[in-house]
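Engineer: here you go, sequence then predicted model.
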Amino acid sequence: MMRSTAPTLMQALFCAALALPVAAQAQADVQQFDARIPVWVPATGQAAAHTANLAGHVYRPQGTGPWPLVVLSHGTPSGAEARAALTERYGPQAVAIAALGYVVVTGLRRGYGASDGPLADRYGSCDAPDYPHAAQEAARDVAAIMNYGQKLPFVDGTRVVLMGKSAGGFASLALAAQQPAGLRGVINFAGGRGSQPRMREKADVCGEAQLLKTVAGFAATSQVPQLWIYAENDSYFRPPLVRKMAESYQAAGRNLTLVFVPPSGEEGHRFFDRAANIGQWLPQVREFLMQQLPGTATAQLQSHNLQGDKP
């Protein structure tokens, strides 16, 4: 079943006002350390099978756990230089989620930042995009990050939610379609591929029909509940396209909640990127996480009461 909701302006303003104290409290409650995450890469015509290493971070709550796991995946900056310079993108966001009682693991996919290359999740030309290939390779890296997190001694590997933004949201949908053990849900912020600058000028994406076909393939085999959050003024993946993608899940009878938040800044695609917006999306994300990963996280939330409302 697909549901579409939108927060009121007053709710958004109230949540935004809470963002700074929430972030300060969360920072005090979360430990962070770096990670090197191995991913096995099968042989291709250009290279032998090998193990690549991904640069990642782990954010964990205070206490012994075991805690449920959230795997947070990044988007794709435009241009080789920007991809090479990429570092940890979502530290404040990861801290806010970890403070609710979750371990958050992030990782840069192959070809990004300090991770081994070459870039693996290319979809090829805009005229004939190979989205299934991009999805397969991105999902390979996200699966490796998930497996790394599941093996941490303070993680309950049977309770995992995938969360990603833009290309990271697309990768999360792709991995969910493979039904990995322990997966309980997906949170997709502004997910998609194929939004090149010249296509955005046309209010379009590369190979829309192929993108929709690929997403429909994800919907056919996905089983876990999903929460999708997009801004109304996202010029990368506009509401009409997003609704078409979501309809694939509705047609397959999947549990999907689609949320459009009010216009955010000059470009809504960056809604999740802005730390100042954490207070706007955290309540809905928290509710979804508590539904899919109940138990320890609920107790942690009641203890810290991060949003200032009644537990």
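Structural biologist: In hand now; what should we look at?

Engineer: please identify the helix or strand for the nearest residue to residue 136 once chain neighbours are set aside.
Structural biologist: With Cβ to Cβ, 6 or more residues apart in numbering as the measure, residue 174 is the residue that lies nearest to residue 136, at 7.1 Å, once sequence neighbours are left out. Glycine gets a C-beta too; all of them are placed from N, C-alpha and C. In this structure, residue 174 sits in helix 167-176 according to DSSP states H and E.

Engineer: can you point out the buried residues in that helix?
Structural biologist: 167, 168, 169, 170, 171, 172, 173, 174, 175, 176 (16 or more other Cβ atoms under 10 Å).

Engineer: and what of stretch 190-205?
Structural biologist: By 16+ other Cβ under 10 Å, the buried positions in stretch 190-205 come out as 190, 191, 192, 193, 194, 195, 199, 200, 205.

Engineer: rounded mean pLDDT for that stretch, please.
Structural biologist: Throughout stretch 190-205, pLDDT has a mean value of 95.

Engineer: give me the residues contacting that stretch.
Structural biologist: 75-76, 78, 123, 126, 129, 131, 134, 164-170, 172-173, 206-208, 211, 228-231, 234-238, 241-242, 245, 268-269, 271-272 (Cβ atoms under 8 Å, 6 or more residues apart in numbering).

Engineer: among those, which lie within helices?
Structural biologist: 131, 134, 167-170, 172-173, 208, 211, 241-242, 245 (DSSP state H).

Engineer: show me where pLDDT drops low in this protein?
Structural biologist: 1-28, 295-311 (pLDDT under 70).

Engineer: for the most far-flung residue of it relative to its centre, give its distance to residue 210.
Structural biologist: For the chain, the largest distance from the centre (Cα atoms, centre = their mean) belongs to residue 45, which lies 30.9 Å off. Taking Cβ to Cβ, to the nearest Å as the measure, residue 45 falls 23 Å from residue 210.

Engineer: can you check residue 219 too?
Structural biologist: Going from residue 219 to residue 210 by Cβ to Cβ gives 15 Å.

Engineer: same check on residue 160?
Structural biologist: Applying Cβ to Cβ to residue 160 and residue 210 gives a distance of 29 Å.

Engineer: one more: residue 187?
Structural biologist: Look at residue 187 and residue 210: by Cβ to Cβ, they are 25 Å apart.

Engineer: please say which of residue 160 and residue 210 ends up with more neighbours.
Structural biologist: Set residue 160 next to residue 210 and count neighbours by other Cβ atoms under 10 Å: residue 160 wins out with 27 against 18.

Engineer: state whether the more buried one is indeed within a helix.
Structural biologist: No: counting by DSSP: H, G, I helix; E, B strand; the rest coil, one finds residue 160 to be strand, located in no helix.

Engineer: beta partners of it?
Structural biologist: residue 69, residue 183 (DSSP bridges).

Engineer: contacts for stretch 233-247, please.
Structural biologist: With Cβ under 8 Å, 6+ apart as the contact definition, stretch 233-247 has outside contacts at 2, 4, 166, 190-192, 195, 200, 203, 205, 208, 211-212, 215, 228, 230, 232, 256, 258, 260, 263-264, 267-269, 271.
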